[in-house]
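Need a 3D model of the following:
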Amino acid sequence: MSNVKIVIKSAKLNKKGLAPLWIRVYSNNETTYFSTGFSIPPYGWDEKKLEVKRTVPDFEIINIELKKQLTKALEKFTITTSQDKKLNELKKEYYGKEKVEFIGYADKVVFEYWQDGKVSTHDGCKAVISKFKEYVQGKKVFFQDITPDFLREYELYLKQKHKNSTNTIHRNFRFIRRVFNHARENDVIDHNCYPFHKFRLKLENTKKGFLTKDEIAKIREVELPEGTKMCLHRDMFVFAVYAGGIRISDLLQLRWSDFDGDAIGFTMDKTRHQVSTPLPEQAKRILKQYSSEVSKPDDLIFPAVKDKSSFLDPVSKDRAISNATAYINKNLRFIALKAGIDKKISFHQSRHSFASLALQEGFGIEMVADVLGHRNLRQVMVYAKIVKAEKTKAMKNLNF
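Residues are numbered from 1 along each chain as shown. Coordinates of the predicted model:
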């Protein structure tokens, strides 16, 4: 007689404080465990109902997937244990390749983003899967069903039904490809079950907005009331241009302990890459305005978020960064108008501006990529093309 149930191993927390969920099988005085691939906060498991509580994000999706895995295990072990097979043999059979439903597996990959604290990525990918579910209308779709022809038909659907642009469709398919790669890496599907060998993702070049030297000077010198949020947001933007195009998510979390007097060193929130960026005098002068004798190493350099404890929890951090970014962008648009700049401006343009101006000043592409934290030079080549276009335009207008 076999006993199969899902258990939580609260004593084996990972680095994020999450406990893994396992399928436990007891049969013929033997016990073995099968990973479900899910980890949740220890308080998120209902021991009576043997399911994930409502307090856990995506609890419905997780419970559905757990039920599927439990059903599979029950069928496997109640039928075959009577054949006197050892549990280790059955374990190999259980993990043997079979047709796997795409949406259930994709939900699992989405949940991993939440586990890693990537809340915005989690939300974006969840939206991608919602559109996919709408397209298949409740039908079970296995990895093997998603062929190049299937993808071409889905691409047409996104264009016609959702009016998605080429680049929006590219983001959707990039996540679908990520799910396939995840499945291949974990030996869930065979390598021949991969439609992206014959289906290429399309991407249109978009014009990256950036400010010129003169425009940055206008932003820097525009008169604003001291001590106001407007002034703070302007200083953050200008600092970001001089500080290697630091992202808003990193700048909001930057503390005095990250500054050694010459450079800022931190771990990028988006990529988890560690960077150290030497600061020019213009950037140091801005920092000096926000430093005081009472500044503590753990204090935020730019107090754009009231409560620094907001950064301790992934969900609160995502909300705090999103709200602060929206507020900063609103003020930057006003500042640009006051400075006489007729451009739609956002904080991210500080990053584009740094890259473009650094290349104009003679920085090598590899150096700009390193400062920006890009591992792929192709991402920086976009800025090189912008600089080349600006030079061509200037030469054409040259008139002695």
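
Which helix or which strand is home to residue 21?
Per DSSP states H and E: residue 21 is located in strand 19-27.

what's near enough to touch the residue nearest the centre of the chain?
Per C-alpha atoms, centre = their mean, the C-alpha nearest to the average position across the chain is that of residue 121, at 3.9 Å. Residues in contact with residue 121 (C-beta atoms under 8 Å, 6 or more residues apart in numbering) are residue 113. Backbone N, C-alpha and C define where each C-beta goes, glycine included.

That one falls within a helix, correct?
Yes - looking at residue 121 with DSSP: H, G, I helix; E, B strand; the rest coil, it is inside a helix.

Tell me how many other residues surround the closest residue to residue 322 other than its chain neighbours.
Take residue 322 and drop its neighbours on the chain: the residue closest to it by C-beta to C-beta, 6 or more residues apart in numbering is residue 120, 7.6 Å away. Applying other C-beta atoms under 10 Å, we find 15 residues neighbouring residue 120.

For the stretch 101-250 of the chain, which segments count as helices?
102-115, 119-136, 148-160, 166-185, 213-221, 229-242, 248-251 (DSSP state H, counting those that start in this stretch).

So which of the ones you listed is nearest residue 363?
Nearest to residue 363, of all the helices of the stretch 101-250 of the chain, is helix 229-242, at 13.5 Å by C-beta to C-beta.

Can you tell me what sits against the closest one?
So helix 229-242 is contacted by 211, 216, 219-220, 222, 224-225, 246, 248, 251, 279-280, 282-283, 286-287, 289-290, 302-304, 327-328, 331-332, 334-335, 347, 350-351, 353-354, 357 (C-beta under 8 Å, 6+ apart).

Can I get the buried part of those as one PyMOL selection?
Listed next is the PyMOL selection for buried residues among the contacts of helix 229-242, using 16 or more other C-beta atoms under 10 Å:
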select buried, resi 211+216+219+220+222+224+246+248+251+279+283+286+287+290+302+304+328+331+332+335+347+350+351+353+354+357
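
right, and the residue nearest to residue 322 touches residue 315 too?
No - between residue 120 and residue 315 there is no contact under C-beta atoms under 8 Å: 10.5 Å.

quick revisit: quick one: list the elements packing against the next helix or strand along the chain from the strand holding residue 21.
Downstream of strand 19-27, the next assigned helix or strand under DSSP H and E is strand 30-40. Contacting strand 30-40 under the criterion 3 or more C-beta pairs under 8 Å, 6 or more residues apart in numbering; DSSP states H and E are the following elements: strand 2-8, strand 19-27, helix 59-80, helix 87-94, helix 102-115.

So what's the gap between the last one and the chain middle?
It stands for helix 102-115. 13 Å (C-alpha atoms, centre = their mean, to the nearest Å).

Packing partners of it?
With contacts taken as 3+ C-beta pairs under 8 Å, 6+ apart, helix 102-115 sits against strand 30-40, helix 59-80, helix 119-136, helix 166-185.

can you list contacts of the second one?
Residues from elsewhere that reach helix 59-80, judged by C-beta under 8 Å, 6+ apart: 2, 4-6, 21, 23, 25, 27, 34, 36, 38, 40, 44, 51-53, 56, 90, 93-94, 101, 104, 107-108, 110-111.

okay, the angle between that helix and helix 102-115?
Interaxial angle of helix 59-80 relative to helix 102-115 (axes from the mean of the first three to the mean of the last three C-alpha atoms, to 10 degrees): 120 degrees.

That concludes my questions; thank you for your assistance.
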